[in-house]
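Asker: Structure, please.
(2 chains, ligands or ions: 2)
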Amino acid sequence: MNYLLKLTSGEINRLIKYKILPVSLITSFLWIIIFLFISKEDARNIAPLLIFIDVSMMSILLIGATLHLEKQEGTIKSMMVLPLSVGQILVAKAFASILLGIESVIVTSLALYLIHGITFNYLLLLLFVFIAGGAHVAIGFFLALSSKDFSSMLGLLMAYMFPFAIPTILFTFGVIEKKYEWFIMISPSHSASNLITSVVINEYDWTKIIASNIYLLILASLLFVFTVYPKFKDNAIRG
Amino acid sequence: MSIAFSVENLYFKYPTSKTDIIKGISFDVQEGEIFGLLGPSGAGKSTTQKILIKLLEDYSGSIKYFGKDLKAIDKSFYEEIGVGFEMPVHFSKMTALENMKFFAGFYKNTANIQELMERVGLWEFKDVKVGEYSKGMKVRLNFVRAILNQPRVLFIDEVTNGLDPKNARTIKDMIAEYRANGGTVFLTTHLMNDVEQLCDRVAFCVNGNLQEISTPRDLKLKYGKREVKIEYRENGVTNNALFPLEKIGSNNDFQNIIKNKEIETIHSGETSLEDIFIIVTGVDIK
Ligand SMILES: Nc1ncnc2c1ncn2[C@@H]1O[C@H](COP(=O)(O)OP(=O)(O)O)[C@@H](O)[C@H]1O
Ligand SMILES: [Mg+2]
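Answerer: Numbering: from 1, shown residues only, chains lettered A, B, ... in the order given. Ligands and ions are numbered 1, 2, ... in the order given. The predicted model follows:
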């Protein structure tokens, strides 16, 4: 546990040193500026999308960036000869990435409250962000381990976004009708979006919420156990 | 003396490689010795090292670490070994000291970081980001990283590659001291100098095979030319004479020169390790 803490704080320390946390804070503040110029109702509708982007797409991007960077710097190899397990290293990375998502949720929630007086169930949002973030971290690992460098990882992310994230954006703006939501929930990203949206707009369709949670948890576990964990060590040593 | 590593019939291939990269090698590393793997680039030295440090696991054959099956040893193994990689292994946006403290934080035993960094001449640059270090500085920091945990067995891959002679000397001295204090070293290199100056025993590694595991001295005895070369002065000019070592005590010409001429130099035939490597393996290491 002690090691896990050290690893995670090391990850966060690096998020600061490599300017990732500052950049993420700046994007969160960009969202705040958007809130300043739109109505309360619009803000409530668009906020879930912004949180969703931070928790899902940014998680994938972050894991891809750090993994490829560390491989390039050789530091993963150096970590592999520490008395640590691969599991500990993976969990610390996942934690750090989810924490980054939570940071942006906090900034966004605070802005919504201060500017428009909007409140919602923060604890439930935190829980959902954790689950949605965890699943996207797993997807991030999967894409990073399937690509040979960061630019090919970006290509994979684009390929992922077309079928899996764009429908969510279309759905938010009403281009895709509500009755088709079950269909687009096949995308883990839309399941994540569904969870976040439910809390922020305060409308709970519990069948969908439970289905989303189960789906994301199972997907994350499968990805970790069957691809990320076994592939990580081989991948880290190469090059 | 116990045996630190006992390797028998080791085979390995990467998932992407068509043929075996390591082709059935066997050797022992004694506790307290510096064991060198010498061979040209691509011979499989780094691969062998990665297998011994449990980074590559899909090998066949048997490897014992102080008598225990390597595959059965858990991550506490890494408390006991130190690894110096060939390539830099540091966070470039963090300072050298931050890097060392981060890695040291995971070991039960740690060496004095300041002492080590002073020794390799990096302490005054401890607050510089590693990204701004020169190649040689990174190599020296790699070495500090390798001995951070006061390891029982030290692995080093091409340790002096990219170092100027003075810094190479410092690192070699530190390795020799480490051994003198009871440490065991497994090193890989393509440089004869490293072997001549450091290794107690050396194995020639070519194309995934080992040939001639021996001490540098025995190699020279075995493959060196067994002859004596004498330079002597006669009538104001220097002459050369060459005699086989065989029965030299009863060689009359030899006796005659020794007794009656003004000797300038006497040398036994020395063959460089470089030449011996070519004789044994048929491969020129350069
Ligand atoms: N990750 C890898 N995947 C496939 N082949 C590799 C990998 N690493 C090394 N090789 C190949 O294995 C052989 C031995 O490499 P290596 O052990 O690095 O040699 P050395 O350290 O003696 O220079 C080379 O032919 C090299 O191309
Ligand atoms: Mg090598």
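
Asker: Show the contacting residues for the residue lying closest to A:Glu11 once chain neighbours are set aside.
Answerer: Closest residue to A:Glu11 apart from its sequence neighbours, by CB to CB, 6 or more residues apart in numbering or on different chains: A:Ala96 at 3.5 Å. Backbone N, C-alpha and C define where each C-beta goes, glycine included. By CB atoms under 8 Å, 6 or more residues apart in numbering or on different chains, A:Ala96 lies in contact with A:8, A:11-12, A:15.

Asker: Mind telling me what element A:Ala65 is part of?
Answerer: Using DSSP states H and E, A:Ala65 sits in helix A:58-73.

Asker: does chain B sit close to that helix?
Answerer: Yes. Applying CB under 8 Å from any CB of the partner chain, one finds helix A:58-73 touching chain B at A:Glu73.

Asker: For that helix, buried residues please.
Answerer: For helix A:58-73, a neighbour-count test (16 or more other CB atoms under 10 Å in any protein chain shown) marks A:58-71, A:73 as buried.

Asker: Centre of the chain to the next helix-or-strand element following it, how far?
Answerer: Using DSSP H and E, the helix or strand that follows helix A:58-73 in sequence is helix A:75-80. Distance, stretch centre to chain centre, for helix A:75-80: 24 Å (CA atoms, centre = their mean, to the nearest Å).

Asker: Equivalent analysis for stretch A:83-90, please.
Answerer: 21 Å.

Asker: cool, stretch B:143-163 as well?
Answerer: 11 Å.

Asker: what about that stretch, near ligand 2?
Answerer: No. Using CB under 5 Å from the ion, we find that stretch B:143-163 stays clear of ligand 2, coming within 5.7 Å at best.

Asker: now check that stretch, is it near chain A?
Answerer: Yes. Applying CB under 8 Å from any CB, one finds stretch B:143-163 touching chain A at B:Arg145.

Asker: Alongside ligand 2, which residues does chain B contribute?
Answerer: So far as CB under 5 Å from the ion goes, chain B lies against ligand 2 at B:45-46.

Asker: Spell out the secondary structure type for the residue of chain B found nearest chain A.
Answerer: Using CB to the nearest CB, B:Val89 is the residue of chain B that sits closest to chain A, at 3.8 Å. The local conformation at B:Val89, judged by DSSP: H, G, I helix; E, B strand; the rest coil, is coil.

Asker: Compute the number of surrounding residues for it.
Answerer: 26 (other CB atoms under 10 Å in any protein chain shown).

Asker: Same check on A:Val91?
Answerer: For A:Val91, using other CB under 10 Å, the count is 16.

Asker: For it, give its distance to A:Glu11.
Answerer: 10 Å (CB to CB, to the nearest Å).

Asker: For A:Gly239, give me the pLDDT.
Answerer: On pLDDT, A:Gly239 comes in at 56.

Asker: just A:Asn13 next, same as before
Answerer: 92.

Asker: Show me which positions of the longest helix along chain A end up buried.
Answerer: Longest among the helix segments of chain A by residue count, using DSSP state H, is helix A:86-116. Neighbour counts using 16+ other CB under 10 Å place A:86, A:88-105, A:107-109, A:111-112, A:116 of helix A:86-116 among the buried residues.
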